[in-house]
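Undergrad: Just a sequence and a predicted model for now, questions to come.
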Amino acid sequence: MVIKKLAFCMALCSFSSISAALDTQDSESRDASRFYLGVGLGLSKLEPNTTGTIYKVEDDSSEGGKLYLGYDISEKFTVEAYYSILGEAEMSPTGSVEYEDLGINANYFFYGASSGQAGLGLFARAGVGQMKNSTELPYGRNNDTHLMLGGGIQYGFKNGWALRADIDLYDGDSKLLAFGINKHFGPGKDEHQPKPMAKPEPLPVEPEATPTTFIPTNPDEDSDGVVNSKDNCLNTQANTSVDQNGCELPKIISLEGVRFASASDELVGESTDILDSVAERLAAYSSVKIEVAGHTDSQGSADFNRKLSERRANAVREYLIEKGVPEDTLTAKGYGESRPVADNSTPQGRAANRRVELELDHGGVDTP
């Protein structure tokens with residue numbers, strides 16, 4: 001997509017020089033033709049149909065643009081060949097879909113100045129186009145050739161330049177609003193005389209083409225919500241909670257290295273660095289319920305140890321919330337000396353018992 005945008009920008013930059021070169025033709029040769037060349041830039045709206053798939057459209061707006069070459073058939077009618085780059089629609093859980101369109105249309109100027117004249121004019125258009133999509137996702141199109149409808153407003157100058165704003169409706173799932181400029185080569189039939197208002201004539205109503213429909217081809221073999229191309233654990237058992245890489249989430253995360261000042265809930269040493277890393281991982285799991293569990297050794301009274309462990313658990317919880325972990329997913333509880341994992345009669349055992357753990361409840365978890 002970046003290469004296409006660079007190519008489009010190069011075409012835009014060369015537009016003025018091409019116009020100047022063509023404008024150096026002698027007046028006799030210019031009288032024989034009423035060609036014009038134009039370019040437009042703007043915003044596109046892309047709405048691929050994801051009904052019946054695991055995908056949804058995350059961002060349907062993008063930058064877009066088009067190049068067009070036209071010819072004045074008569075005072076009111078012109079024909080144009082166009083090439084449009086419509087940008088891309090961002091999808092979730094992953095991926096994007098790029099849009100391009102190539103086609104031909106007819107324009108009818110139903111109000112004010114016509115295509116090559118000075119002044120303000122309104123026009124409507126209809127035509128046919130060929131849609132092309134580029135994506136890493138599995139997809140299918142019901143039709144490549146489609147009806148194209150649109151219209152807009154143009155203000156022409158006596159020197160053959162004109163400003164244009166128009167909207168194009170390509171297929172059922174893509175639209176482009178563009179603002180641009182075009183240049184006629186050869187003097188108009190009546191450039192100095194304003195054109196009277198003309199009564200609008202209704203355009204025939206055509207049925208809208210069927211939009212694009214994605215047809216997944218088993219992109220998630222183990223049904224864990226992570227597509228195969230992003231899944232590092234392709235054989236996850238059914239109903240297993242997984243992380244963003246498709247691998248099973250642990251039940252308990254021991255916060256090794258998280259330490260506190262003696263008889264205090266003040267974090268010391270490398271504790272905050274460790275919690276920063278943990279918070280970055282947990283922030284992606286907004287539906288996982290997590291209990292921050294505080295534990296102590298058996299030195300001191302049981303009541304003091306329980307309250308100390310609860311303060312330390314709350315200190316960890318509050319720090320994780322500050323770092324972006326959703327508040328409603330975290331609870332804190334102090335267990336004091338009631339759940340030892342080692343012998344309290346040795347220094348090594350007591351050190352192991354002074355710990356903080358994260359206990360994950362996977363019930364109803366949303367996989368990333």
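TA: Sure thing, it's come through.

Undergrad: rest of the way, CA atoms for contacts and neighbours
TA: Fine.

Undergrad: In the protein, what helix or strand scores lowest on average pLDDT?
TA: In the chain, no helix or strand scores lower on mean pLDDT, DSSP states H and E than helix 27-31, which sits at a mean of 39.

Undergrad: next structured bit after that helix?
TA: For helix 27-31, the following helix or strand on the C-terminal side (DSSP states H and E) is strand 35-46.

Undergrad: Is the residue nearest in space to the middle of the chain bridged to anything, and to what?
TA: Nearest to the geometric centre of the chain sits residue 90, at 3.1 Å (Cα atoms, centre = their mean). Assessed by DSSP bridges, residue 90 has beta-bridge partners residue 59, residue 96.

Undergrad: List the residues that contact it.
TA: 57, 58, 59, 60, 96, 97 (Cα atoms under 8 Å, 6 or more residues apart in numbering).

Undergrad: Next, count neighbours for the last one.
TA: The local packing of residue 97 (other Cα atoms under 10 Å) involves 20 other residues.

Undergrad: what's the spacing between it and residue 185?
TA: Note on residue 97: its distance to residue 185, by Cα to Cα, to the nearest Å, is 37 Å.

Undergrad: and if you look at the first one?
TA: Here residue 57 is placed at a distance of 43 Å from residue 185 (Cα to Cα).

Undergrad: Those two: which has the busier surroundings?
TA: Neighbour count, other Cα under 10 Å: between residue 57 and residue 185, residue 185 has more, with 26 against 19.

Undergrad: The more buried one contacts residue 161, correct?
TA: No - judged on Cα atoms under 8 Å, residue 185 makes no contact with residue 161 at a distance of 9.2 Å.

Undergrad: Please name the spatially closest residue to residue 282 (chain neighbours excluded).
TA: Excluding its sequence neighbours, the residue lying closest to residue 282 (Cα to Cα, 6 or more residues apart in numbering) is residue 325, at 6.2 Å.

Undergrad: Tell me where the model's unsure across the stretch 251-368 of the chain.
TA: 283-287, 362-368 (pLDDT under 70).

Undergrad: the strands in it, which residues?
TA: 252-254, 259-260, 267-268, 289-295, 330-334, 355-361 (DSSP state E, counting those that start in this stretch).

Undergrad: could I get those as TSV with distance to residue 170 and mean neighbour count?
TA: Output for these, formatted as TSV (distance: least, Cα to Cα, whole Å; neighbours: other Cα atoms under 10 Å):
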stretch	distance to residue 170	mean neighbour count
strand 252-254	52	14
strand 259-260	61	18
strand 267-268	59	14
strand 289-295	46	24
strand 330-334	48	20
strand 355-361	48	20
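
Undergrad: Same list, those, but as CSV with distance to residue 127 please.
TA: Below are the strands of the stretch 251-368 of the chain laid out as CSV (distance: least, Cα to Cα, whole Å):
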stretch, distance to residue 127
strand 252-254, 61
strand 259-260, 70
strand 267-268, 69
strand 289-295, 55
strand 330-334, 57
strand 355-361, 57
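
Undergrad: what's the closest of those strands to residue 150?
TA: The closest of the strands of the stretch 251-368 of the chain to residue 150 is strand 289-295. By Cα to Cα, the value is 51.0 Å.

Undergrad: and the angle for that closest one with strand 330-334?
TA: Counting by axes from the mean of the first three to the mean of the last three Cα atoms, to 10 degrees, strand 289-295 lies at 20 degrees to strand 330-334.

Undergrad: and residue 235, what does it touch?
TA: Residues near residue 235 by Cα under 8 Å, 6+ apart: residue 222.

Undergrad: secondary structure element for it?
TA: With DSSP H and E as the test, residue 235 turns up in no helix or strand.
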